[in-house]
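# here's a sequence, model it:
(chains A and B)
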Amino acid sequence: MKNNQTPPKRKETLAQVLNRPKVAGYVFILPFIIGFLAFLAIPMILSLGFSFTRYNILKTPVFIGLENYRTMFTGDPKFWKVFGVTMYYVLFSVPLRLIMALAVAMLLVKSSKLSGFYRAVYYLPSIIGSSVAVAILWKRMFASDGVVNALMKVVGLPGDIAWLGRTDTAIWTLIILAIWQFGSSMLIFLSGLKQISVSLYEAATVDGANGIQRFFKITLPMLTPTIFFNLINQLINGFMAFTQSYIITQGKPRDTTLFYTVYMYQNSFTYNKLGYGCAMAWFMVFVVGLLTLILFKTQKKWVHYEAEG
Amino acid sequence: MMTGYKEKRAAISVIYHVFTFFFACVMIYPLVWMVMSSFKDTNEIFRTAASLLPETFSPANYLVGWKGFAGYSFAIFFKNSFVIAGLSTIGAVISSAVIGYGFARLDFKFKSFWFACMLLAMMLPFQVIMIPQYIIFNKLGWVGSYLPIIVPQFFGQGFFIFLNVQFIKGIPIDLDEAARMDGCTVYSIFYRIILPLIKPSLVTSAIFSFMWRWDDFLSALIYLSDPLKYPVSYALKMFSDPTAGSDWGAMFAMATLSLVPIFLIFLTMQKYLVEGIASTGIKG
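As a prediction, this is how the structure comes out:
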């Protein structure tokens, strides 16, 4: 307000110029601008270009127009297969994980002496869940002679299921692993639940609402912004899942657990079809972007923001 | 009447704890099973999969596992992981603090445009840009070294920038004004006033950064080919390949060991983790 209106007549020293907020702002965010251009914007634009080429890392790219996209949509049945597998995985793992997260958050919002302990135990799996160590563990747990079958035998169930070998169960071992990692969503729900004013519940109780009514009329509507936020986050995470499929099942049996990102990786680095890999990456950006957009468009209908009443 | 009410409450409390505790045990069971199995004899692991405790606690798996494979011991892999995760974390924490201050406190042209770019960078997953990044790093001759994994961390990480922006905005601006009156420049305000005050968000960034880099497997898979440079995550994967011989006891031992740094951070820094997640919705 004071001195920025008229530029000073005398020549400023470099130090003074650098101290002006307009200049200093750029000095501070310069690392971000460089990083954004070098590691994100330029690679993305290049990748769009490469998606129209046949590109083997050792040779120069050859322009082939829309050929990669045509192959993807009409000439590569495996593409639609992995797309379907990934969709199936997202469709089940994301809602189940969120329901689990909300249910446990409701359980833990009641404070007791053991709250801290419970919270730690329920949160731990999501901290380590995407590690290679847990992937290896999961693979052995669901092996024919693994702990899952062994425990099933103990309680009298048929403990001879080849979880990882059957086309109908293999994907579910990965979905269960995803659900197991509900911890960070749970913490977000927990902080959302704690922000709901107690007076709302008191008023509802006075009006004679029972627990179930209170949940559907107060808790759930008040949590919709948190649910919305979690949903978008988990959706993106779900589509990006890689390690689980790559290590635990390697896509087996018969590609029923081959995730989109793993197939993209194989095309790019195993089969050396980088152009095709770029086209796949762009299609994924399109799908995830579209789903996010749809969710944003529908949020008026179901997401309740307090300020709007 | 009163005693009836009290008894009912006590009963509900018992049911609550029995259920919550039992379910917590189910959640933690796979990890406990892994740790316990790592002390079992390899043959015993699957013969007695249903029983948790080993017949005798034996550290043999750890000794065998530590030797690694093809003459490369896990000492090398752990050292590599510490180097990668350590340097990445230093880079990410410092750069994100600097950038966060720029966004939170200074007004400049096209600020909202750059902020939108930052949010985009935060949402865009690594998997989407890994192929073109690989092409660029290959041209630069960086493939096979740690540079493609570590260098990008020095240019700020979206989540941590966002965390710092939120945190700095919570600091009263009067402090900056007072310092400016005393002749502080924008830079010394950042260094002397803001930096000491945002320690909690720096710690939170450091914890998450370290854990993510420690767990990171995909970038090692893409960029590294020399076993001497493998981090633990990638070494474990190679160790578990059938060609390396499937010694499950040794594998569980090394898998357990690979989680120890994460466990330690979790146990000592849980407060920061929980707050970090609750305030930004960071993914854990």
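
# leaving out chain neighbours, which residue sits closest to residue A:114?
Using C-beta to C-beta, 6 or more residues apart in numbering or on different chains and skipping the chain neighbours, the partner closest in space to residue A:114 is residue B:17 (6.8 Å). For every residue, glycine as well, the C-beta is placed using N, CA and C.

# helix or strand for the one you found, which one?
Secondary structure from DSSP states H and E places residue B:17 in helix B:2-37.

# any buried residues in that helix, and which?
The neighbour-count check on helix B:2-37 (16 or more other C-beta atoms under 10 Å in any protein chain shown) flags B:20, B:23-24, B:27, B:30-31, B:33-37 as buried.

# then stretch B:166-183?
By 16+ other C-beta under 10 Å, the buried positions in stretch B:166-183 come out as B:167-168, B:176, B:179.

# for stretch B:195-204, same thing?
Those would be B:198, B:201-204, for stretch B:195-204 by 16+ other C-beta under 10 Å.

# could you list the low-pLDDT ranges of the chain?
This is for chain A. Of all residues in chain A, those with pLDDT under 70 make up the ranges A:1-10, A:306-309.

# oops, I was thinking of chain B
Across chain B, residues meeting the criterion (pLDDT under 70) sit at B:1-3, B:242-246, B:279-284.

# geometric centre of it: which residue is closest?
residue B:211 (1.5 Å; C-alpha atoms, centre = their mean).

# enumerate every residue touching that residue.
Contacts for residue B:211 (C-beta atoms under 8 Å, 6 or more residues apart in numbering or on different chains) come out as A:127, B:262, B:265.

# residue B:225: which of those is nearest?
If you rank the contacts of residue B:211 by distance to residue B:225 using C-beta to C-beta, residue B:262 comes first, at 25.9 Å.

# buried ones in the helix or strand hosting that closest one, by neighbour count?
Assigned by DSSP H and E, residue B:262 belongs to helix B:248-280. For helix B:248-280, a neighbour-count test (16+ other C-beta under 10 Å) marks B:248-259, B:261-262, B:265-266, B:269-270, B:272-280 as buried.

# what of stretch A:124-131?
Within stretch A:124-131, the residues that count as buried by 16+ other C-beta under 10 Å are A:124-131.

# restrict those to contacts with chain B.
When contact is defined as C-beta under 8 Å from any C-beta of the partner chain, the buried residues of stretch A:124-131 meet chain B at A:124-128, A:130-131.

# contacts for stretch B:150-161, please.
With contact meaning C-beta under 8 Å, 6+ apart, stretch B:150-161 is reached by A:31-32, A:34-36, A:38-39, B:84, B:87-89, B:91-100, B:103, B:118-119, B:121-123, B:133, B:142, B:201, B:205, B:208-209, B:213, B:280, B:282.

# just the buried ones from the residues you listed?
Buried among the contacts of stretch B:150-161 by 16+ other C-beta under 10 Å: A:31-32, A:35-36, A:39, B:84, B:87-89, B:91-100, B:103, B:118, B:121, B:133, B:142, B:201, B:205, B:208-209, B:213, B:280, B:282.

# any chance of the contacts of residue B:211 in TSV, plus distance to residue B:235?
As requested, these are arranged in TSV below (distance: C-beta to C-beta, whole Å):
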residue	distance to residue B:235
A:127	21
B:262	16
B:265	20
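
# per-domain residue ranges of the chain.
Going with chain A. The record's domain parsing of chain A by automatic domain parsing lists A:14-50, A:72-308.

# you answered for a different chain; I wanted chain B.
B:2-59, B:64-280.

# among these, which is nearest residue A:227?
Closest among the domains of chain B, once you apply C-beta to C-beta, is domain B:64-280, at 15.3 Å.

# how about the residues of the stretch 201-309 of chain A that lie near chain B?
Contacts of the stretch 201-309 of chain A with chain B, taken as C-beta under 8 Å from any C-beta, map to A:229-230, A:233, A:236-237, A:240, A:242-243, A:247, A:261, A:264-265, A:268-269, A:274, A:277-278, A:281, A:284-285.

# can we see that at 10 Å?
When proximity is defined as C-beta under 10 Å from any C-beta of the partner chain, the stretch 201-309 of chain A approaches chain B at A:226, A:229-230, A:232-234, A:236-237, A:239-243, A:246-247, A:259-262, A:264-265, A:267-269, A:274-282, A:284-285, A:288-289, A:292.

# count of neighbours near residue B:144?
The local packing of residue B:144 (other C-beta atoms under 10 Å in any protein chain shown) involves 14 other residues.

# I meant to write residue B:148 there.
Neighbour count for residue B:148, taken as other C-beta under 10 Å: 22.

# excluding chain neighbours, what is closest to it?
Leaving aside its chain neighbours, residue B:148 sits nearest to residue B:137 (4.2 Å; criterion: C-beta to C-beta, 6+ apart).

# so what's the one you found up against?
Counting by C-beta atoms under 10 Å, 6 or more residues apart in numbering or on different chains, residue B:137 makes contact with A:39, A:43, B:143-145, B:147-149, B:151-152, B:222-223.
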